[in-house]
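Novice: Build me a model from this:
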Amino acid sequence: MAAIHLPGGTFDPLDPARTVYVHGKFNSRMVGKVGMEIRCLQVASTQPITLFIDSPGGETKALDQIYQILQMKSGGKRWAFVTVAGNQAGSAAAILLALGDYSIADIALFAYTHVAHEGGFLLDDFPKIRAWIERVKAQQGFVLMG
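Specialist: Sure thing, here's the model as predicted:
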């Protein structure tokens, strides 16, 4: 995955210094470990945080606790988080994967979808897809390849 250009620098979604590895079953032990890592990254920088998920899932209560940590704000702004699935993302892990602000799926699908009209596929009857294209374009640091 390529670096994303942001005002004031670049963001590499797979930068180990800004990545939290969510590995194993979702339970209270994982919440303690992952929660502490997320809070440390939130304090260190306003750059997005990548969650690299490799989990069979687990307790939804643990998922809720991790999600609450991700929603914390500083100065009225919350940190963006990017989700990437590793080997597996089952049950609660799949939900966390879907909750990310931006994912590898957005990047992969955008490439062809935003130019669908060039292949004769008009998106006029698909307002939700058009809205999604606009949300991807609105991502901080977005640069349209030309």
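
Novice: Taking the chain centroid, which residue in this protein is the extreme one?
Specialist: Distance from the centre of the chain peaks at residue 120, with 30.8 Å (CA atoms, centre = their mean).

Novice: From residue 42, how far off is it?
Specialist: Going from residue 120 to residue 42 by CB to CB, to the nearest Å gives 46 Å. Yep, even glycine has a C-beta here, placed from its N, CA and C like the rest.

Novice: can you give me the strands for this structure?
Specialist: 4-6, 9-11, 19-23, 49-55, 73-74, 77-78, 81-89, 102-103 (DSSP state E).

Novice: which of the residues in the longest one are buried?
Specialist: So that's strand 81-89. Buried residues in strand 81-89, counted by 16 or more other CB atoms under 10 Å: 81-85, 89.

Novice: In a markdown table: those, plus distance to residue 17 and pLDDT.
Specialist: Formatted as a markdown table, those follow (distance: CB to CB, whole Å; pLDDT from 0 to 100):
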| residue | distance to residue 17 | pLDDT |
| --- | --- | --- |
| 81 | 15 | 86 |
| 82 | 14 | 84 |
| 83 | 18 | 86 |
| 84 | 15 | 84 |
| 85 | 21 | 83 |
| 89 | 23 | 84 |
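
Novice: So which other helices or strands are in contact with the longest helix seen in the chain?
Specialist: In the chain, assigned by DSSP state H, the helix with the most residues is helix 28-44. Applying 3 or more CB pairs under 8 Å, 6 or more residues apart in numbering; DSSP states H and E, one finds that helix 28-44 contacts strand 19-23, strand 49-55, helix 60-70.

Novice: got TSV for those, with mean pLDDT and mean neighbour count too?
Specialist: Compiled in TSV, those are given as follows (pLDDT from 0 to 100; neighbours: other CB atoms under 10 Å):
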stretch	mean pLDDT	mean neighbour count
strand 19-23	91	19
strand 49-55	89	22
helix 60-70	90	17
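
Novice: Including distance to residue 77, could the ones you listed go into TSV?
Specialist: TSV is the format used below for the helices and strands packed on helix 28-44 (distance: least, CB to CB, whole Å):
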stretch	distance to residue 77
strand 19-23	19
strand 49-55	13
helix 60-70	13
